[in-house]
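# I'll drop the sequence and a predicted model, then ask my questions.
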Amino acid sequence: MDNVQKLDIEGARDTVEVDGVFGVFYKIRVGGEVVRRGKGGWDVPMRNGSTSKLTARGLIPGFQKLYLDNTPIYAMGAHVDLGMRILMFLPFILILINYFLGLVLALVLFFLNISVVKNPHMPAAVRIILPVANTLAGGLLLFLLAGLLYS
């Protein structure tokens with residue numbers, strides 16, 4: 001699976017790529033080298049000798065939009081429809097079963113669901129069923145753990 005997306009940045013000295021577009025975490029590469037994030041974003045050297053700033057905006061991990069000097073360049077997860085984005089948050093109902101263990105398990109399953117929902121190589125039915133099945137299995141696990149802890 002090709003997890004790298006080349007960004008269309010006119011005037012960049014080297015190729016600029018996003019590595020990890022189908023996951024939660026990503027890296028920016030300029031000319032094949034990973035660029036460290038500086039103050040507010042990544043510096044992209046331009047052909048004319050100047051430097052542009054590549055920034056990311058967005059609250060949901062893995063679904064940020066990348067901007068080059070306040071111009072939209074790339075939206076990660078733009079191919080995911082609203083229904084699947086809502087299914088990613090389904091594990092947070094586990095907090096109703098047990099607050100602490102439910103929150104920990106919900107966070108783990110939420111990050112797992114992001115990778116599942118964003119994967120375009122996975123059939124759409126599996127991308128829908130897997131977050132639901134994971135939440136049901138997590139709920140069963142919490143019921144079993146709560147029974148062991150409080151008995």
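Sure thing, it's come through.

# please identify the buried residues of the top strand by length along the chain?
For the chain, the longest strand by residue count, based on DSSP state E, is strand 51-57. Within strand 51-57, the residues that qualify as buried are S52, L54, T55, A56, counting by 16 or more other C-beta atoms under 10 Å. Glycine gets a C-beta too; all of them are placed from N, C-alpha and C.

# report all helices and strands that the next helix or strand after that strand contacts.
Using DSSP states H and E, the helix or strand that follows strand 51-57 in sequence is strand 65-68. Where contact means 3 or more C-beta pairs under 8 Å, 6 or more residues apart in numbering; DSSP states H and E, strand 65-68 is packed against strand 51-57, strand 71-75.

# at 10 Å what do you get?
strand 4-7, strand 16-19, strand 42-45, strand 51-57, strand 71-75 (3 or more C-beta pairs under 10 Å, 6 or more residues apart in numbering; DSSP states H and E).

# now the ones you listed in CSV, with mean pLDDT and distance to F143?
Converted to CSV, the helices and strands packed on strand 65-68 look like this (pLDDT from 0 to 100; distance: least, C-beta to C-beta, whole Å):
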stretch, mean pLDDT, distance to F143
strand 4-7, 91, 41
strand 16-19, 94, 40
strand 42-45, 92, 45
strand 51-57, 93, 39
strand 71-75, 94, 39
